[in-house]
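Enquirer: predicted structure and sequence below. I'll ask about it afterward.
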Amino acid sequence: MKRSLILCFILTCSIAFAQSDLFVSNGSFIYVDGDGFTPGPNVAPVFVTNDVNIEGGGHIYLRNEAQLLQGNDVGNSGLGELSVYQEGNVNRWSYNYWCSPVGVPNVANGNEPSRVSLLNDVIDVTNSTPALFTPGFDGIGSPLTISDRWLWSFVSSDEYSEWIYVGSTNDLDPGLGFTMKGNGTTPTESQLYDFRGKPNNGTITNPVANGQWTLIGNPYPSAIDARDLIHNSSNVNEITGTLFYWEQSQTVTSHVLQDYIGGYATYTINTSGAPIETFTFALFSTYDENDNSTPVYLPPPAPPFTQAEGVKRARRYIPIGQGFMVEGINGPNGEVTVNNSMREFVKEDGTNSVFFRNGQTNAASNSSNETGVNHIQYQDNGLSLVPDDYKRFRVNVDFTVGESQYTRQLVLNFHDSATFGHDRGLELKRAQAYDSDAYFELDGEDYGAQAYPFGEDLRIPLVIDIEEQQPLRFRIFDIQNFEDSQGIYIYDSTTDMYINLRDINYELNIEPGHYTDRFEVVFTAETTLSNEAVDLDNLSVIQNNGLHQLQIFNPNAVDISSIEVYDVSGRRVITNPVNTVESQYNISTLDLSDGVYVVNIKTASEAVTSDKVIVKN
């Protein structure tokens, strides 16, 4: 029997000069080692202009980030298998979102449905064995055993009840994503999976109706460019310009739905000029489905998802096997498209392309990183830098609801090309809706990032929803390309105060409500709290549990009008009017129960600062 071994099948000429089909006969194989290739324009370890035909018993092995790219929109064929690896998080309690790069082998030309049963357990570089499946709650690492309870898809809906059970053997249309949990108990480790089947190629579409969501992904054995996906002419009127990546907390060891803690990170990228990424982290919250009496053994909540911040970062190039959500904008019969024009050879290097799996911190490079396939530079914190003609900063809005604390991160981009309408590729839709939340509004839609042409007279409304009385804090960071002298203020119309967030955080206690016109981000101020801000910053709030006293030290003689203490539910438990300026105030806490409390200090000019203390009597 004839066998052939190609350690590195090389084709690095430009697409225009690649004229070939690829046929792998029975008993033959092609082994492609990606270590021999550096991503760059017109580079592909394997590029095939037309179709790939793998006879039964034939194999193509893509290893070490090797990838297959194809040019024409033709169908592949054959009963043989392409084999490509991807890693997922091993945590048996956490979902990863997947999309298969291969379908069921078939002699007919065209893409075939995928099945989770196409996943294999790796033995060595060319051998693997089909994964096993169990109806139990937990998978097993060796031999690779996947729990089929957690295999679901989501197609053109926003109802939790409409998750579609996939299981291990049910057909899944090409391009649709699916959920799967890991098979171990160490959140920081990964499980290697081997996808084996007929490689997908060409145009792939899936339905996504207006205001509905579909779980799709990268359906090819190569990376795809999120920029091309978002701005492809087939998609600009079909989906929003935001991609939604699921991230789940690694701290919860439970399969019960109400225990899940997770959320969606959001990503977009512009299309004109230098590439500009805009990204916000996932927010986590315990999911509570009050109308579901049997909440266990179910898939993750569909967006909108209703608190610690996420840590994973999405990047421009979407790797093999990655699943994500898209939102439709075009009537009941909309669809989302992926095609060969979006495909690129980009390795998962932790910077330009990362698999959005839980438990793995996506390493960020420093600002010196720049490759031939991606001219986006990153800071040491992993956030992208914008070019000199752009400006950017992030607003963190901190909430404390009962015993829960979380941060809504918002992004503001500024450029002369931006408009006061929707700017695709520079703005992010909001993925989640919380009862206490912060967001921007545009044409009745909620956004987590917006873009504007910058001007010092610009006023940007910031919507705040408050479920119950609580402390609220505004902060800014990631300030890019603003002069040091340029103020960035939060304006509170209720107190008529401008607070320069570059100098001090704005903290207040706020009553329940839907605040659409109370807070604005502005860049000039009639008055500021600059001097008083320094004085407030020097206040010290200490809980002396030995003396059962709350002690406030006031070295700068701030004119304090009141000191109030709130419990974690937002109930005011101490009200202490202040009539004289003192260097120290002592308030008895002997009657308080043990726990965490919030101290609000208000000045005569209505400035407010807050601090937390722990009372132990």
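Expert: Structure received.

Enquirer: so in the chain, where's the weakest helix or strand by average pLDDT?
Expert: Every helix and strand of the chain was ranked by mean pLDDT, DSSP states H and E. The lowest is strand 285-286, at a mean of 53.

Enquirer: and the next element down the chain from that strand?
Expert: Next along the chain after strand 285-286, taking DSSP states H and E as the criterion, comes strand 317-318.

Enquirer: backbone dihedrals for residue 148, please?
Expert: Backbone torsions for residue 148, taken as degrees, to the nearest 10, come to phi -90, psi 10.

Enquirer: please name the residues that touch it.
Expert: With contacts defined as Cβ atoms under 8 Å, 6 or more residues apart in numbering, the neighbours of residue 148 are 116, 133-135, 167-168. Just so you know, the C-beta spots here come from the backbone N, C-alpha and C atoms, and that holds for glycine as well.

Enquirer: now do the strands in the stretch 501-617 of the chain.
Expert: For the stretch 501-617 of the chain, strands defined by DSSP state E, counting those that start in this stretch occupy the ranges 506-510, 513-522, 540-544, 549-553, 560-567, 572-577, 584-588, 595-603, 608-615.

Enquirer: out of those, flag the one nearest residue 215.
Expert: strand 513-522 (31.1 Å; Cβ to Cβ).

Enquirer: so for stretch 417-426, mean pLDDT?
Expert: The average pLDDT for stretch 417-426 rounds to 96.

Enquirer: what about the contacts of residue 148, which are in strands?
Expert: Among those, the residues falling in strands (DSSP state E) are 133-134.

Enquirer: surely residue 461 and residue 442 touch.
Expert: No: using Cβ atoms under 8 Å, residue 461 makes no contact with residue 442, being 9.9 Å away.

Enquirer: against residue 240, how distant is residue 332?
Expert: According to Cβ to Cβ, to the nearest Å, residue 332 and residue 240 sit 16 Å apart.

Enquirer: let me fix that, I meant to ask about residue 155.
Expert: As judged by Cβ to Cβ, residue 155 and residue 240 stand 17 Å apart.

Enquirer: tell me which of the two has more neighbours.
Expert: Each of residue 155 and residue 240 has its neighbours counted (other Cβ atoms under 10 Å); residue 240 has more, 23 against 20.

Enquirer: wait, what's in contact with that one?
Expert: 326-329, 429.

Enquirer: now flag whichever of those residues is closest to residue 316.
Expert: residue 326 (16.2 Å).

Enquirer: now the closest one. Nearest residue, chain neighbours left out?
Expert: The shortest distance from residue 326 to any non-neighbouring residue, by Cβ to Cβ, 6 or more residues apart in numbering, is to residue 239 (4.6 Å).

Enquirer: one more: residue 137?
Expert: When the adjacent residues along the chain are set aside, residue 137 lies closest to residue 255, with 5.3 Å between them (Cβ to Cβ, 6+ apart).

Enquirer: would you list the phi and psi of that neighbour?
Expert: Dihedral pair for residue 255: phi -100, psi 0, per degrees, to the nearest 10.

Enquirer: I figured it hits residue 93, correct?
Expert: Yes: Residue 255 is within contact range of residue 93, at 6.3 Å (criterion: Cβ under 8 Å).

Enquirer: so the two - more neighbours on which side?
Expert: residue 93 (23 against 18).

Enquirer: what residue ranges in this protein score low on pLDDT?
Expert: Across the chain, the ranges flagged by pLDDT under 70 are 1-20, 187, 284-311, 350-351, 353-374, 527-535.

Enquirer: helices along that one, start to end?
Expert: Counting by DSSP state H, the chain has helices at residues 226-231, 530-537.

Enquirer: contacts for the shortest one, please.
Expert: Helix 226-231 is contacted from outside by 235, 239, 241, 243, 267-271, 275, 314-318, 338, 341-342, 424-425, using Cβ under 8 Å, 6+ apart.

Enquirer: could you measure the residue nearest to residue 137 against residue 149, distance?
Expert: Going from residue 255 to residue 149 by Cβ to Cβ gives 8 Å.

Enquirer: cool, residue 323 as well?
Expert: The gap separating residue 323 from residue 149 is 18 Å, by Cβ to Cβ.

Enquirer: likewise residue 414?
Expert: Taken as Cβ to Cβ, the span from residue 414 to residue 149 is 47 Å.

Enquirer: and for residue 90?
Expert: 17 Å.

Enquirer: how about residue 557?
Expert: From residue 557 over to residue 149 the distance is 64 Å, taken as Cβ to Cβ.

Enquirer: and residue 544, what are its bridge partners?
Expert: Residue 544 has the following beta-bridge partners by DSSP bridges: residue 549.

Enquirer: same check on residue 217?
Expert: Beta-bridge partners of residue 217, counted by DSSP bridges, are residue 323.

Enquirer: returning to what we had before: give me the more crowded residue out of residue 90 and residue 149.
Expert: Higher neighbour count among residue 90 and residue 149: residue 90, with 24 against 21, using other Cβ under 10 Å.

Enquirer: and the more buried one, what does it touch?
Expert: Residues in contact with residue 90, defined by Cβ under 8 Å, 6+ apart, are 141, 182-187, 189-191, 359.

Enquirer: skipping adjacent residues, who's closest to it in space?
Expert: residue 184 (3.8 Å).

Enquirer: what number of residues lie near that neighbour?
Expert: 17.

Enquirer: I figured it hits residue 94, correct?
Expert: No: counting by Cβ under 8 Å, residue 184 stays clear of residue 94, with 10.6 Å between them.

Enquirer: just want the most central residue of the chain.
Expert: The centre of the chain sits closest to residue 265, judged by Cα atoms, centre = their mean, with a distance of 1.8 Å.

Enquirer: wait, what's in contact with it?
Expert: Residue 265 is in contact with 244-245, 247, 279-282, 310, 312-314, 356, 431, counting by Cβ under 8 Å, 6+ apart.
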